[in-house]
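Chemist: turn this into a structure:
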Amino acid sequence: MTALLGGLVALILGIIGIVFWWGYFIKAVMAGVPVMLILGGALATYLGIEEIKDKKAAESFDTDKDDLKREVETLKEEIKGIKGEKKES
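Modeler: Here you go, the predicted model:
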């Protein structure tokens with residue numbers, strides 16, 4: 001109940017503050033928007049670069065996975081050959 005009351009008081013004071021200090025509020029918004037755009041753009045750029053790195057890593061992983069599959073098949077064939085040699089002996 002106290003949280004509700006505190007929230008209502010903050011809401012009313014915020015509305016009164018915007019009405020009385022409208023000019024300052026607009027200046028704050030004007031100052032804040034470019035900063036938010038710069039920070040948002042920097043974050044988006046960073047995330048884009050990380051996504052590109054992740055795609056390259058995933059592609060190399062797929063290539064490595066194919067190489068490992070081929071190596072496993074080669075080893076299986078070698079084991080079969082060894083087993084065949086032992087049976088013939």
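
Chemist: when you work out contacts or count neighbours from here on, use the C-alpha atoms and nothing else.
Modeler: Will do.

Chemist: for the spatially most central residue of the chain, grab phi and psi.
Modeler: Centroid-nearest residue in the chain, with CA atoms, centre = their mean: residue 47, separated by 6.3 Å. Main-chain dihedrals, residue 47, degrees, to the nearest 10: phi -70, psi -40.

Chemist: ok, now how distant is it from residue 36?
Modeler: Using CA to CA, to the nearest Å, one gets 16 Å for the distance from residue 47 to residue 36.

Chemist: then residue 9?
Modeler: Counting by CA to CA, the gap from residue 9 to residue 36 is 28 Å.

Chemist: quick revisit: contacts only, for the residue nearest to the centre of the chain.
Modeler: Not one residue lies near residue 47 by CA atoms under 8 Å, 6 or more residues apart in numbering.

Chemist: any idea how far it is from residue 37?
Modeler: Counting by CA to CA, the separation of residue 47 from residue 37 is 15 Å.

Chemist: what does the average pLDDT come to for the host helix or strand of residue 17?
Modeler: Element membership of residue 17, judged by DSSP states H and E, is helix 2-20. Taken as a whole, helix 2-20 has a mean pLDDT of 95.

Chemist: ok, stretch 73-84 next?
Modeler: Rounded mean pLDDT across stretch 73-84 is 84.

Chemist: chain center to it: distance?
Modeler: Centre-to-centre, stretch 73-84 and its host chain are 44 Å apart (CA atoms, centre = their mean, to the nearest Å).

Chemist: helix or strand for the closest residue to residue 18 other than its chain neighbours, which one?
Modeler: In space, and not counting its chain neighbours, residue 18 is closest to residue 25: 6.5 Å by CA to CA, 6 or more residues apart in numbering. Using DSSP H and E, residue 25 maps to helix 22-88.
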